[in-house]
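Student: next come a sequence and a model predicted from it.
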Amino acid sequence: MQNPYIPYPVVVDKIITEVDTKDIKTFRFKFVNPEDEQKYAYIPGQFGELSIYGKGESPIGIASSPTQKGYVEFTVQKAGVVTSALHEMEEGTLMGLRGPLGNSWPLEFLEGKNIVIVGGGFAFTTLRSLINYMIYGDNRKRFGNITVIYGARNPGLLLYKDELIEWQKRDDLNINVTVDKGDATWKGKEGFVPAVCKEVAPSKENAVAVICGPPVMIRFTLPVFFELGFSKENIITSLEMRMKCGIGKCGRCNVGSKYVCKDGPVFSLAELDKLTPEY
Amino acid sequence: MEKRLIKKDTLAGIAKKMAGDMMVWAPVKKEDNVLFETIGKDGEPFFAYLNSKNAPKNVFFPHTETLMKFTRTPKGMAFSSEANKANQSVLFGVRPCDAHSFALLDKLFDQEKYQDAYYVAKRQNTTVIAMACVKPPYASCFCTSVDGEPVGSEGADILLTDIGGDYLAEFITSKGEKLAQYFGDAKADAAADAKKAEIAAKAKEAIQSRIPAHEVKPILDVNFDNPFWNTIHGKCLACGTCTYMCPTCHCFDISDEVKGADGIRLRSWDSCMFPLFTKETSGHNPRPSQKERWRQRAMHKFKYYVDNFNAIACVGCGRCVMSCPVNIDIRKVVEDISKL
């Protein structure tokens, strides 16, 4: 049996600086042992523990989609000890990767439904994984309308800029990108995510909203969706907590009886209502 | 079940004989305390003890343990080896409450998904010999309130009960039976069984400290926000002693250490009593004060563990009661919860 504490050896294959402030980068990892890629079969919404020997580990959502073969990507903000060390790394460096961990976006539940994706700022990473999964080849037929509402503070802080342009060219996606405040070259929407949600007003019919963003965005976005008639069962989000083991043993990321690492990080609002509000 | 009788004065000899063949953890006197340590064949086990100062959980879940080693390579630090060592061992003479704690820890560490290789290897390679509490050692013992018994064998492979002149040795599991050769060949008769039953009933009776541990579960289910939680933590120093002494507390930290070109990844005991336990990089802390941390400790033991594993995560050893520097008493906490 695989020892869940031992990371797979990976090499930093490519580093993409995502934002003008240069503190958010996407790291593309390749497995040193090609057979490990199969063992790392993941579902959008899951996370991994990025393992830098000598520094420690950091739990980060998987930003690539399982349909992207040959590598796995994580978009990481420079914040603590491990992520700062990661940001100093060069392509070609060896490190470790554990996982995939946690549950995932509920793909079976989402199938056949209209999907509304709402993301804010840096929390767009696992939503990007989900979008790329849903629009890949024949997968697209398994889902109804896909509406994406994605916002950042300013144009320079938008992640995955090239992909956003590609997605906007597709006629089977409704992409709404907004910034709190534009700049001289910005031709897109201006306004906060909750306001844009109100403007786009996605129908609740056969629809599920998948919402991920900073707490302040969530707080003002949820009432918009309640007003649109979305039930708590049909609003899905993902939690973050301080984690170590990632497998429900070390005891720190529980919300009530549930461990965010093992039973989450994805919960519906209806499920969250049953938990204690300690996150 | 295989049962033998052994003369009381032969017990230390049995432990020492085993120590010649395998690793033996036994109670030893150390300054003012009795602690479980590994003894050699010339070691001096001390069996006339009440209970060990520390819970013997460190045998399976050491205070600090190396998970893996890594080393510097031209392309960066890289994994070099897994460090999971488990010698053939015997844990000789733990009290039934502590043996019970192993059964509880198994539920967490020995799950089908994400089995904890380090804990499980040590558990599988270790035979647990429990020594019944013929007389309850402390006034603070409350094992009978949390599904335990002073003469109980839960979590043990062999149970030794002092029935007067002899110990009755009961070989509970096949793992225990494999060590039967060390216990002489005097078979136990029905009289020994009867004597043990009588002693067990008396011992159970003698546990005076009782708490409504089962009754509080439905109360905890609906009282997360009760103002009661403001009343426990006022004098708590957040020292974490209760969690370190606790046989069932299992929270841990993972950290890396490097010296020169080599390094190790360690896990070490952590505590829900510490402010940093849940503090996030952003500065946000979902349990910002000692109130939330104490609520977590009580909830984890009497509600969350019950939700997840259908068992209370407390064995009634009373160590936290005796060790708390400001006399916070979990028995009182549970009692108070039962009145909410």
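Tutor: Happy to help now that I have it. Numbers count the residues shown, from 1 in each chain, chains lettered A, B, ... in the order given.
Student: roughly how far does A:K141 sit from B:A169?
Tutor: Distance from A:K141 to B:A169, counting by CB to CB, to the nearest Å: 68 Å. Any C-beta I mention is one placed from the backbone N, CA and C, and that applies to glycine too.
Student: who's more crowded, the two?
Tutor: With neighbours defined as other CB atoms under 10 Å in any protein chain shown, A:K141 and B:A169 compare such that B:A169 has more, 26 against 10.
Student: A strand includes the more buried one, no?
Tutor: Yes. Counting by DSSP: H, G, I helix; E, B strand; the rest coil, B:A169 is found in a strand.
Student: I'd guessed it sits against B:Q181; true?
Tutor: No. The pair B:A169 and B:Q181 fails to qualify as a contact (CB atoms under 8 Å) at a distance of 11.8 Å.
Student: let me know the pLDDT of the nearest residue to B:I328 once chain neighbours are set aside.
Tutor: Nearest in space to B:I328, with sequence neighbours left out and distances taken as CB to CB, 6 or more residues apart in numbering or on different chains, is B:C236 at 6.1 Å. Per-residue confidence for B:C236 comes out at a pLDDT of 95.
Student: is it true that B:C236 touches B:C272?
Tutor: No. Using CB under 8 Å, B:C236 makes no contact with B:C272, being 11.7 Å away.
Student: list the contacts of residue 106.
Tutor: Just so you know, I chose chain A. Neighbouring residues of A:P106 by CB atoms under 8 Å, 6 or more residues apart in numbering or on different chains: A:I236, A:V266, A:S268.
Student: the chain in question should be chain B.
Tutor: Here B:D106 is in contact with B:R123, B:G155 (CB under 8 Å, 6+ apart).
Student: work out for me the element it sits within.
Tutor: helix B:96-109 (DSSP states H and E).
Student: quick one: buried residues of that helix?
Tutor: Counting neighbours by 16 or more other CB atoms under 10 Å in any protein chain shown, one finds that the buried residues in helix B:96-109 are B:96-106, B:108-109.
Student: could you give me the average pLDDT of it?
Tutor: 98.
Student: going along the chain, name the helices of chain B.
Tutor: For chain B, the helices defined by DSSP state H cover B:11-21, B:96-109, B:117-124, B:174-177, B:190-206, B:216-221, B:241-245, B:290-299, B:305-309, B:319-323, B:330-338.
Student: need the contact partners of the longest strand along chain A.
Tutor: In chain A, with assignment by DSSP state E, the single longest strand is strand A:8-17. By CB under 8 Å, 6+ apart, the residues outside strand A:8-17 that reach it are A:24-33, A:36, A:39-40, A:71-72, A:89-98, B:75, B:78-79.
Student: relative to chain A, how far out is B:E65?
Tutor: From B:E65 across to chain A, the span is 11 Å (CB to the nearest CB, to the nearest Å).
Student: tell me the contacts of that residue?
Tutor: B:E65 neighbours (CB under 8 Å, 6+ apart): B:Y118, B:L266, B:R267, B:S268.
Student: please flag which of those residues sit within strands.
Tutor: B:L266, B:R267, B:S268.
Student: of those, closest to chain A?
Tutor: Nearest to chain A among these is B:R267, at 7.8 Å by CB to the nearest CB.
Student: not counting its neighbours along the chain, what's nearest whichever residue of the stretch 101-250 of chain B sits closest to chain A?
Tutor: At 3.9 Å from chain A, B:Y114 is the closest residue in the stretch 101-250 of chain B, using CB to the nearest CB. Once flanking residues are discounted, B:Y114 sits nearest to A:I247: 3.9 Å by CB to CB, 6+ apart.
Student: mind checking pLDDT for the one you found?
Tutor: 96.
Student: which residues does it contact?
Tutor: With contact set as CB under 8 Å, 6+ apart, A:I247 has these partners: A:P4, A:L101, A:C261, A:K262, B:Y114.
Student: who in the stretch 1-150 of chain A is up against chain B?
Tutor: Residues of the stretch 1-150 of chain A lying near chain B by CB under 8 Å from any CB of the partner chain: A:1, A:3-7, A:9, A:11, A:52-57, A:79-80, A:83, A:89, A:92-96.
Student: average pLDDT for the helix of greatest length in chain A, rounded please.
Tutor: Secondary structure assigned by DSSP H gives helix A:215-227 as the longest helix of chain A. Mean pLDDT, computed over helix A:215-227, is 94.
Student: so which residues make contact with that helix?
Tutor: So helix A:215-227 is in contact with A:118, A:120-121, A:151, A:192-194, A:197-198, A:209, A:211, A:213, A:235, A:237, A:269, going by CB under 8 Å, 6+ apart.
Student: following it, which helix or strand comes up?
Tutor: strand A:235-238.
Student: is the one helix or strand in chain B whose mean pLDDT sits lowest in proximity to chain A?
Tutor: Least confident helix or strand, chain B: strand B:76-82 with a mean of 90, by mean pLDDT, DSSP states H and E. Yes. Using CB under 8 Å from any CB, we find that strand B:76-82 touches chain A at B:G76, B:M77, B:A78, B:F79, B:E82.
Student: and the closest residue to B:A86 other than its chain neighbours, how many neighbours?
Tutor: Nearest residue to B:A86, sequence neighbours excluded (CB to CB, 6+ apart): B:A121, at 3.8 Å. Counted with other CB under 10 Å, residues neighbouring B:A121 total 16.
Student: please parse the chain into its domains.
Tutor: The chain I'm using is chain A. A:8-101, A:107-238 (automatic domain parsing).
Student: that's the wrong chain, I meant chain B
Tutor: B:2-206, B:216-338.
Student: thought the residue of the stretch 101-250 of chain B closest to chain A was touching A:G248?
Tutor: Yes. At 6.7 Å, B:Y114 and A:G248 qualify as touching, with contact defined as CB under 8 Å.
Student: what is in contact with the two at once?
Tutor: With CB under 8 Å, 6+ apart, B:Y114 and A:G248 have common neighbours A:K262.
Student: gap between B:P96 and B:L160?
Tutor: 10 Å.
Student: hmm, I was thinking of B:E149
Tutor: Going from B:E149 to B:L160 by CB to CB gives 14 Å.
Student: spatially central residue in the chain, please.
Tutor: Here I'm looking at chain A. A:T126 (1.7 Å; CA atoms, centre = their mean).
Student: um, chain B though
Tutor: Central residue of chain B (CA atoms, centre = their mean): B:P247, at 3.0 Å.
Student: and that residue, how far is that from B:S101?
Tutor: Counting by CB to CB, the gap from B:P247 to B:S101 is 3 Å.
Student: overlap in contacts, those two.
Tutor: Shared contacts of B:P247 and B:S101, counting by CB under 8 Å, 6+ apart, come down to B:A55, B:K57, B:V315, B:C317.
Student: which non-adjacent residue is nearest the last one?
Tutor: Across the structure, with CB to CB, 6+ apart as the measure, the residue nearest B:C317 apart from its sequence neighbours is B:C97 (4.4 Å).
Student: could you pull up the residues touching the one you found?
Tutor: B:N51, B:C133, B:C141, B:C143, B:G148, B:P247, B:V315, B:G316, B:C317.
Student: next, give me the two most distant ones among those residues.
Tutor: B:C133 and B:P247 (14.4 Å; CB to CB).
Student: narrow the contacts of A:I247 to those in strands?
Tutor: Here DSSP E is the test, and the contacts of A:I247 give A:L101 as lying in strands.
Student: end to end, how far does stretch A:53-62 reach?
Tutor: 20 Å (CA to CA, to the nearest Å).
Student: which residues touch residue 29?
Tutor: Answering for chain A, as no chain was given. A:V10, A:V11, A:V12, A:D13, A:Y71, A:V72, A:E73, A:F74, A:M95, A:L97.
Student: actually it's chain B I care about, not the one you picked
Tutor: B:K29 neighbours (CB under 8 Å, 6+ apart): B:E44, B:F46.
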